[in-house]
Structures are given as C-alpha cells and as structure tokens.
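1. Predicted model follows, preceded by the sequence.
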Amino acid sequence: QVQLVESGGGLVQAGDSLRLSCAASERTFRAYAMGWFRQGPGKEREFVATIKRIDGSSYYADSVKGRFTVSRDNTKNTLYLQMNSLKPEDTAVYYCASQQVELGSQYLRVPIGYADWGQGTQVTVSS
C-alpha cells in the first residue's frame with residue numbers, strides 16, 4: 001500500500017527555516033526517486049527537489065537552490081526538506097511524491113513523473 005504522509009509545515013516569517021518530513025511505507029521508500037513539489041495559490045504544481053535512492057544524488061529548482069536541501073533517512077523511510085532563508089514566494093502546499101521506477105531524466109522534475117503523492121502540508125511565509 002502506498003503511503004506518503006507529510007508534516008512540518010507552518011506559519012513562519014521571511015528568513016526563518018522549516019524542515020518538512022515525509023514518512024513513507026517501506027515499499028514506497030524503495031522508489032527510484034523521492035521528490036518534493038509545491039503548489040502556491042492560483043499556481044500550478046511545480047518541482048522543488050528530488051533525490052535518487054541508488055546514489056543519493058539530488059536536484060533542485062533554481063528558485064530554491066542554495067536555500068533548500070533534500071535528504072533521506074533510509075533507516076526511517078523518511079524524506080526531508082530543509083528550507084532555509086524562506087521567502088514569501090515560498091508560500092505553498094508542499095507535497096512529497098515517489099517515482100517508483102526510472103523513467104528518464106526528463107521526468108525527474110515534472111509531476112507526471114511521479115505516481116504516488118502525499119496529502120500535502122501548508123507552508124506560509126509572512127513578510
């Protein structure tokens with residue numbers, strides 16, 4: 001059974017930090033890649049970061065590079081997103097997602113490449 005449960009969202013001020021967590025079932029966490037996406041008010045869902053299981057390599061959207069860090073704890077089946085220097089434009093619902101098998105590099109940064117999704121956690125950054 002696929003299970004992805006995000007937590008850690010909240011209301012913070014610009015410049016603050018938050019760490020999001022995504023707890024997954026053991027089977028789900030064996031996915032080829034685990035990613036974070038976000039959807040702001042009136043916007044489409046967009047890629048934030050992803051990390052591969054096989055070698056731990058990670059990829060980021062330009063808008064978060066240098067501020068956000070994606071990581072995974074394979075002993076806890078948990079995905080993390082450390083968010084530093086938060087900006088009001090980071091306000092969104094954040095989702096974790098899994099890509100079970102390799103589809104090609106072009107599918108790492110798009111929602112269609114991920115079949116399983118959590119319910120999301122709200123992050124609000126005030127100015």
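-> That came through, no problem. Numbers count the residues shown, from 1 in each chain.
2. any chance you could map the helices in this protein?
-> With helices called from DSSP state H, the chain shows them at 26-29.
3. tell me which helix or strand of it sits lowest on mean pLDDT?
-> Across the helices and strands of the chain, the lowest-confidence element by mean pLDDT, DSSP states H and E is helix 26-29, at a mean of 89.
4. Name the residues of that one that are buried.
-> 28-29 (16 or more other CB atoms under 10 Å). Using the backbone N, CA and C atoms, a C-beta is placed for each residue, glycine as well.
5. Now stretch 44-52: average pLDDT?
-> If you average the pLDDT over stretch 44-52, you get 98.
6. I would like the C-alpha coordinates for the least confident helix or strand of the chain, written out in PDB, please.
-> Taking C-alpha atoms only, helix 26-29 is exported to PDB below (Å, rounded to 0.1, in the frame of the first residue of the first chain):
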ATOM      1  CA  GLU A  26       8.900   0.700   3.300                       C
ATOM      2  CA  ARG A  27       7.800  -0.400  -0.100                       C
ATOM      3  CA  THR A  28       7.200   3.100  -1.300                       C
ATOM      4  CA  PHE A  29      10.600   4.300   0.000                       C
END
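7. which residues are contacting it?
-> By CB atoms under 8 Å, 6 or more residues apart in numbering, the surrounding residues in contact with helix 26-29 are 1-4, 53, 72, 74, 77-79, 98, 100, 116.
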